[in-house]
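> Okay, structure incoming, though there's no sequence with it:
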Ligand code: NAP
């Protein structure tokens, strides 16, 4: 069992998939989890499941692509929770297409949702965290941000941006015992990947480049993320951990 000392966490994109698994795993370790997603229904169902299992959670619908909405939410949250000790920036979308066919909207929506959201949340939640001199920030990036992926210029740029942000903030916050790390999933079975996981031709093509020859589970990401948020991970910062079945060795 990892040590958490009654911490409070905010997990974005906690309504489904990887974020839901992270929220539920943190809650199992006694962490109070603020579950953020775009729709009230989806974060509400994660928070309800945590509470039904005996954990502590709060649901909050926020569009993370909207900086003003994040500022309003953070202001309210910090009245209720004087410190939010753990921040997991996980919310993300894809709008795939080859560059010459990619619209500016597809580019900017992905950058706003996947990258600029991390800037806003970290600035707002990170300030009281650094004042409290303890904190954990985990950014869920992607193997696409590490090695690139044809058809994902917007997504790869956002995810690579998260890696730069992680390494820089690890240096800025180190003096305050706030660690900042990134987890880079490969192909994980969630709503985001349903189309090709359920398509036998597409999945065979993908699995050719995955040495472990299977898709990952949300729990694979949640387990490492939870460890990185624990007391025990206090000497790890500025790192990017690939959880990808060996794709980006
Ligand atoms: P998912 O199943 O599609 O779930 C995405 C979550 O993000 C949902 O809860 C969704 O909210 C939330 N979200 C999306 N846009 C949002 C917005 N504007 N404001 C607030 N919340 C928003 O995705 P996933 O597969 O779990 O992916 C989670 C993270 O892992 C993403 O950052 C993704 O890029 C990354 N990742 C995934 C894979 C993979 O293979 N699945 C691989 C590499 C990296 P609603 O529930 O309200 O819609």
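Nice, thanks for sending it over. Because the structure is a prediction, the values reported are computed rather than measured.
> ok, stretch 77-96 near the ligand or not?
Yes. Judged by CB under 6 Å from any ligand atom, stretch 77-96 and the ligand are in contact via 90-93. Using the backbone N, CA and C atoms, a C-beta is placed for each residue, glycine as well.
> Report the two of those residues separated the most.
Taking CB to CB, the two most distant members of the residues of stretch 77-96 next to the ligand are 90 and 93; they sit 11.7 Å apart.
> Look at these two and report which has more neighbours.
residue 90 (31 against 18; other CB atoms under 10 Å).
> contacting residues around residue 7?
By CB atoms under 8 Å, 6 or more residues apart in numbering, the residues touching residue 7 are 30-32, 85-86, 229.
> lowest-confidence helix or strand of the chain?
Within the chain, no helix or strand scores below helix 194-197, which has a mean of 92 by mean pLDDT, DSSP states H and E.
> Can you list the buried residues in the helix or strand following that helix?
With elements assigned by DSSP states H and E, the helix or strand that comes after helix 194-197 is helix 200-207. Neighbour-count burial for helix 200-207, counted by 16 or more other CB atoms under 10 Å, picks out 203, 206.
> C-terminal to helix 200-207, which secondary structure element comes first?
Heading C-terminal from helix 200-207 (DSSP H and E), you reach helix 218-229.
> other SSEs contacting the helix or strand following that next one?
Where DSSP H and E defines the elements, the next helix or strand beyond helix 218-229 is strand 240-243. Applying 3 or more CB pairs under 8 Å, 6 or more residues apart in numbering; DSSP states H and E, one finds that strand 240-243 makes contact with helix 143-147, strand 178-185, helix 218-229.
> what sits against the nearest residue to residue 178 once chain neighbours are set aside?
Nearest in space to residue 178, with sequence neighbours left out and distances taken as CB to CB, 6 or more residues apart in numbering, is residue 135 at 3.6 Å. The neighbourhood of residue 135, defined by CB under 8 Å, 6+ apart, consists of 85-87, 126, 129, 173, 176-179.
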